[in-house]
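Chemist: what's the 3D shape of this:
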Amino acid sequence: MDRIEVNPAICSGKPIVRGTRIMVRNILGMVAGGYTVERIVESYPELSREDVAAALEYAARVIDEDQAVLH
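Modeler: The predicted structure is shown next:
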């Protein structure tokens, strides 16, 4: 996960794509909103397809480690 960074001094410690201030949650929100990887990269030219994939992989790992909360 060398593409994802968690640093308390950047974006309040939220996971970001390394070298940017683009938070993983922003990428997830775009995917949830129906954006394709191509459209995400068009919206954030500083990202690569690999960065988007790393953000999705990071989120999957975090979800896998946490317990689900049912409402």
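
Chemist: Contact partners for the residue most central in space within the chain?
Modeler: Note on the chain: the residue nearest the mean C-alpha position is V24, at 2.1 Å, using CA atoms, centre = their mean. Listed by CB atoms under 8 Å, 6 or more residues apart in numbering, the contact set of V24 reads I4, K14, P15, I16, V17, A55, Y58, A59. Heads up, the C-betas are built off the backbone N, CA and C, glycines and all.

Chemist: Check the gap between it and P45 for me.
Modeler: 18 Å (CB to CB, to the nearest Å).

Chemist: about what we covered before: give me the subset of the contacts of V24 lying in strands.
Modeler: I4, I16, V17 (DSSP state E).

Chemist: Could you check the pLDDT of the residue nearest to the centre of the chain?
Modeler: For V24, the model assigns a pLDDT of 98.

Chemist: quick one: it from L47, how far?
Modeler: Separation of V24 from L47 (CB to CB) stands at 11 Å.

Chemist: what touches both of the two?
Modeler: Residues touching both V24 and L47 (CB under 8 Å, 6+ apart): V17.

Chemist: how about the helices of the protein, start to end?
Modeler: Ranges of helices within the chain are 24-32, 37-43, 49-65, based on DSSP state H.

Chemist: Among those, show me which one is buried the most.
Modeler: Comparing the helices of the chain by mean neighbour count (mean count of other CB atoms under 10 Å), helix 24-32 ranks first with a mean of 17.

Chemist: and that one with helix 49-65, angle?
Modeler: Interaxial angle, helix 24-32 versus helix 49-65 (axes from the mean of the first three to the mean of the last three CA atoms, to 10 degrees): 100 degrees.

Chemist: Work out the gap between helix 24-32 and the centre of the chain.
Modeler: Put simply, helix 24-32 sits 6 Å off its chain's centre (CA atoms, centre = their mean, to the nearest Å).
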